[in-house]
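Visitor: The sequence and its predicted three-dimensional model are supplied below.
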Amino acid sequence: MSKKDMIDAVAQSCDLTKEKATSVIDATLQHIRSTLQSGGEVRIPDFGSFKVADRKAREGRNPMTGKTIQIPASKVAKFAPAKGLKEALNK
C-alpha cells in the first residue's frame, strides 16, 4: 500500500475529503518521525510500536572490490508488531 492508497482509504472510510485525509496522514507520520528523532517510542495498541535502536560501528566489504571498509555507527527505526497484529496475520 502506498501513501496515496492509504490517503484514499482513510478518506473513504472516514468520509473525509482527500485533502483532509492527506493532512491527517501527514500529521501522523510527522508526529511519529519527530518522536523517534527525540529518542522516544510510539506505541499503537493492537498494531505495534516504533522505537530507535543504535547500530554499532562495524567492518563491511565493498562488493565491487572486496576491500574492507568501516561502517560508522548509526541509529535506525525499528518496528515491533503487537500481539493483536500478529494474531490477525496468522488467522
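Guide: Good, I have the coordinates. Numbering: from 1, shown residues only.

Visitor: what are the ranges of the helices in the protein?
Guide: Along the chain, the stretches classed as helices by DSSP state H are 3-13, 18-37, 83-89.

Visitor: Looking at the ones you listed, spot the one closest to residue 58.
Guide: Of all the helices of the chain, the one in closest proximity to residue 58, counting by C-beta to C-beta, is helix 18-37 (22.3 Å). C-betas here are computed from N, CA, C, even on glycine.

Visitor: Local confidence estimate at residue 91?
Guide: At residue 91, the model reports a pLDDT of 85.

Visitor: next one: residue 75
Guide: Predicted confidence (pLDDT) for residue 75: 95.

Visitor: For it, which residues are in contact?
Guide: The contact partners of residue 75, by C-beta atoms under 8 Å, 6 or more residues apart in numbering, come to 52, 53, 54, 55.

Visitor: Which of those ranks first by neighbour count?
Guide: Within the contacts of residue 75, neighbour counts (other C-beta atoms under 10 Å) peak at residue 52, which reaches 15 neighbours.

Visitor: Any figure for the gap between that residue and residue 64?
Guide: 31 Å (C-beta to C-beta, to the nearest Å).

Visitor: With residue 44 instead?
Guide: 41 Å.

Visitor: More neighbours: which of these two?
Guide: A direct count of neighbours by other C-beta under 10 Å for residue 44 and residue 64 places residue 44 higher, at 12 against 6.

Visitor: List the contacts of that one.
Guide: Counting by C-beta under 8 Å, 6+ apart, residue 44 makes contact with residue 82.

Visitor: what about 10 Å?
Guide: 28, 32, 50, 82, 85 (C-beta atoms under 10 Å, 6 or more residues apart in numbering).

Visitor: And for residue 36?
Guide: So residue 36 contacts 42, 50, 51, 52, 75, 76, 77, 78 (C-beta under 10 Å, 6+ apart).

Visitor: and these, which are buried?
Guide: Listed as buried from those are 42, 50, 51; burial here means 16 or more other C-beta atoms under 10 Å.
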